[in-house]
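>>> Following is a predicted model, sequence given first.
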Amino acid sequence: MMTFTTEKPKIALLRALQLGDMLCAVPAFRALRQAFPPAEISLIGLPWAGSFVQRYNQYIDRLIVFPGYPGLPEQPFSQTAWDKFVEQMRQEQFDCIIQMQGNGTIVNEMLQQLGARQLAGFHRHDCRMDPEWFTEYPETEHEINRHLLLMQHLGIRDTNPQLEFPITDEEEESMQELVPFVHYEKYVVVHPGSRSAARQWPPCYFAAMADHCAQNGYRVVLTGTADEKYLTDYVAALMQHKAVNLAGKTNLGVVAALIKNASLLIANCTGVSHIAAGTRTPSIIISMDGEPHRWGPLNRELHHVFDWTSKKSFTEVYHQLCHLITTEQKKEIGLTKPVAIQLGAMGFVAQ
């Protein structure tokens with residue numbers, strides 16, 4: 001295992017990416033914290049990640065905002081902001097900065113400017129760093145396993161790939177105020193949006209899936225950001241049954257609470273699919289980018305992932321939904337039948 005000369009080492013993690021990328025790295029963050037409980041662990045991330053750090057504060061202590069760098073598309077670059085960042089990082093004197101951004105083509109050289117005592121992370125086969133602290137970027141691995149392999153390379157063996165998504169009491173209460181029926185009615189969450197329009201399954205398919213759920217006694221809850229309301233409005237307009245359209249009315253935590261309590265999530269392969277994996281909510285996930293092996297939920301018994309780039313079959317997806325609903329209905333009958341038998345034996349007769 002990597003060792004430090006101080007009892008409370010200062011460790012920084014470079015992962016300046018979006019929600020789905022961050023959620024897939026949580027098992028690695030958890031493993032690192034379990035290996036070094038007293039460490040001060042900082043995330044070098046995008047400005048939005050302040051809320052992420054707050055949610056996962058048992059693993060990460062604080063956020064250091066990444067100012068951007070040439071060749072990285074997530075943030076616009078400012079030389080002035082970069083110079084201030086370099087000065088701040090050098091003053092911090094981190095014991096180790098772990099590069100979890102990507103294969104290291106750009107960022108490994110960048111990190112050498114920050115004055116850490118040690119660098120670690122991923123490198124490419126043709127741009128290698130210290131092999132004791134760096135491992136070759138595993139291109140074909142799932143995003144979760146990729147970072148667990150890095151932890152294992154650093155000597156951290158106790159790794160668990162299960163995602164998690166902590167939900168606060170306030171978020172649960174906000175959900176119940178918004179949709180009071182969630183604890184006494186069956187419902188499904190349909191999330192038709194994604195950051196990229198190219199990664200969105202056609203709205204007519206979401207509408208057809210939602211209608212089938214409604215026909216079988218489930219409330220349909222449409223979720224999305226304020227910018228995605230046009231999309232949820234379109235899905236709702238295509239439906240024959242009425243849906244509860246919450247796009248733009250919830251924050252991320254409330255959406256997660258909705259997913260946690262739902263019977264099923266139907267969505268593109270995006271951030272909410274990782275939330276469902278964390279809350280262990282059954283899901284039907286459509287992968288529109290051809291990389292379900294990298295981004296789809298790992299538990300394929302609970303989460304049903306369809307690679308739309310290899311087989312565009314709505315029928316196959318629809319049949320999976322029918323199977324899930326039929327299975328659930330059989331379970332409900334199985335649970336209620338012994339009760340009916342017992343009541344009959346006691347002389348009670350339905351009126």
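Perfect, thanks for sending it.

>>> show me the contacts for the closest residue to Val182 other than its chain neighbours.
Ranked by C-beta to C-beta, 6 or more residues apart in numbering and with sequence neighbours excluded, the top spatial neighbour of Val182 is Asn261, at 5.1 Å. Every C-beta, even on glycine, is put in place using the N, C-alpha and C of the backbone. Residues near Asn261 by C-beta atoms under 8 Å, 6 or more residues apart in numbering: Met175, Val182, His183.

>>> Assign a three-state SS to the closest residue to Glu171 other than its chain neighbours, would you?
Using C-beta to C-beta, 6+ apart and skipping residues adjacent in sequence, the residue nearest Glu171 is Gly253, 3.6 Å away. Using DSSP: H, G, I helix; E, B strand; the rest coil, the secondary structure recorded for Gly253 is helix.

>>> ok, Gly253 to Gly45 distance?
Computed as C-beta to C-beta, to the nearest Å, the Gly253 to Gly45 distance reads 18 Å.

>>> Quick check, central residue of this protein?
When the chain is reduced to its mean C-alpha position, the closest residue under C-alpha atoms, centre = their mean turns out to be His274, at 3.0 Å.

>>> Surely that residue touches Glu164?
No: in terms of C-beta atoms under 8 Å, His274 does not count as a neighbour of Glu164; the distance is 10.1 Å.

>>> so where do the strands sit in the stretch 51-200 of the chain?
Along the stretch 51-200 of the chain, counting by DSSP state E, counting those that start in this stretch, strands occupy 62-65, 96-99, 119-123, 134-136, 187-191.

>>> what ranges do the strands span in the stretch 251-351 of the chain?
With DSSP E, counting those that start in this stretch applied, the stretch 251-351 of the chain shows strands at 264-268, 283-287, 303-307, listed in chain order.

>>> okay, those in JSON lines with distance to Gly193, mean neighbour count and mean pLDDT next?
Supplementary listing: the strands of the stretch 251-351 of the chain in JSON lines, determined by distance: least, C-beta to C-beta, whole Å; neighbours: other C-beta atoms under 10 Å; pLDDT from 0 to 100:
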{"stretch": "strand 264-268", "distance to Gly193": "7", "mean neighbour count": "25", "mean pLDDT": "98"}
{"stretch": "strand 283-287", "distance to Gly193": "12", "mean neighbour count": "25", "mean pLDDT": "98"}
{"stretch": "strand 303-307", "distance to Gly193": "17", "mean neighbour count": "19", "mean pLDDT": "97"}
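
>>> The residue nearest to Glu171 reaches Ile167, doesn't it?
Yes: in this structure, Gly253 sits in contact with Ile167. The criterion is C-beta under 8 Å, and the distance is 6.0 Å.

>>> which residue packs closest to Arg124, ignoring adjacent ones?
In this structure, Arg124 finds its nearest non-sequential neighbour in Asn103, 4.9 Å apart by C-beta to C-beta, 6+ apart.

>>> can you check His153 too?
Closest residue in space to His153, ignoring its immediate chain neighbours: Thr135 at 4.1 Å, by C-beta to C-beta, 6+ apart.
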